[in-house]
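In: Sequence and predicted structure below; questions after.
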Amino acid sequence: MSAVMPSPTERLRPGVVGYWLISDGISAVFVTGLAWFVARPLLAEHWDGWTPLLDHVLLGLVIGVLSLALITPMLSYARWRFGYQEDLLLMRYGILFVEERAVPVRRMQHVDLMRGPIERLFGLATLVVFTAGNEGSAFRVPGLSLQRAQELRDLIVQARGDGRL
């Protein structure tokens with residue numbers, strides 16, 4: 001008889017949506033700005049095949065990328081779940097492709113907490129776990145309160161029994 005893997009039930013902090021909106025928005029504005037204000041004029045000037053139709057296609061792509069930067073944070077937040085049960089760190093995330101992970105503490109090499117300036121603005125922290133092995137040897141649980149991230153780190157260190165951070 002096979003054991004049923006527990007499902008993660010904890011949600012990220014709601015402030016992660018604002019954090020993702022700002023960080024994804026900055027990236028989207030940068031990329032689309034390069035495409036519209038640098039690549040488009042260069043292509044229009046140096047490529048005889050550039051037409052007004054291609055201007056409209058590029059504009060549609062720019063609007064699409066900016067729209068995704070506004071929509072995906074809310075969809076990601078709705079899907080993200082995590083938990084710590086029975087010496088396993090559990091995660092479920094993804095929008096189109098949902099990934100579930102159950103990482104045993106015994107495979108964890110070390111645990112870090114990260115807090116960039118935008119995360120600090122929203123009172124958030126990211127738990128970064130490094131594991132033995134090649135695929136997915138490092139993964140992140142974003143959008144945690146600093147207190148919850150520290151609690152998870154301490155639970156993992158205690159479960160490892162070695163007292164190392």
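Out: Nice, thanks for sending it over.

In: residues contacting Arg13?
Out: 122-124, 143-145 (C-beta atoms under 8 Å, 6 or more residues apart in numbering). The C-beta positions use only the backbone N, C-alpha and C, and glycine is treated the same way.

In: Can you pull the phi/psi pair for it?
Out: phi -70, psi 140 (degrees, to the nearest 10).

In: For the longest helix anywhere in the chain, name the packing helices and strands.
Out: In the chain, with assignment by DSSP state H, the single longest helix is helix 52-79. Under the contact definition 3 or more C-beta pairs under 8 Å, 6 or more residues apart in numbering; DSSP states H and E, helix 52-79 sits against helix 15-34, helix 40-46, strand 88-93.

In: Which of the three states applies to the residue sitting furthest away from the middle of the chain?
Out: For the chain, the largest distance from the centre (C-alpha atoms, centre = their mean) belongs to Asp48, which lies 40.7 Å off. Under DSSP: H, G, I helix; E, B strand; the rest coil, Asp48 falls in the coil class.

In: Leu54 versus that one, what's the distance?
Out: Between Asp48 and Leu54 the distance is 12 Å, computed by C-beta to C-beta, to the nearest Å.

In: Which strand or helix spans the most centrally placed residue in the chain?
Out: Residue closest to the average C-alpha location in the chain (C-alpha atoms, centre = their mean): Pro142, at 6.4 Å. Using DSSP states H and E, Pro142 sits within strand 138-145.

In: Which neighbouring elements make contact with that strand?
Out: If contacts are counted by 3+ C-beta pairs under 8 Å, 6+ apart, strand 138-145 sits against helix 15-34, strand 88-93, strand 124-131, helix 146-160.
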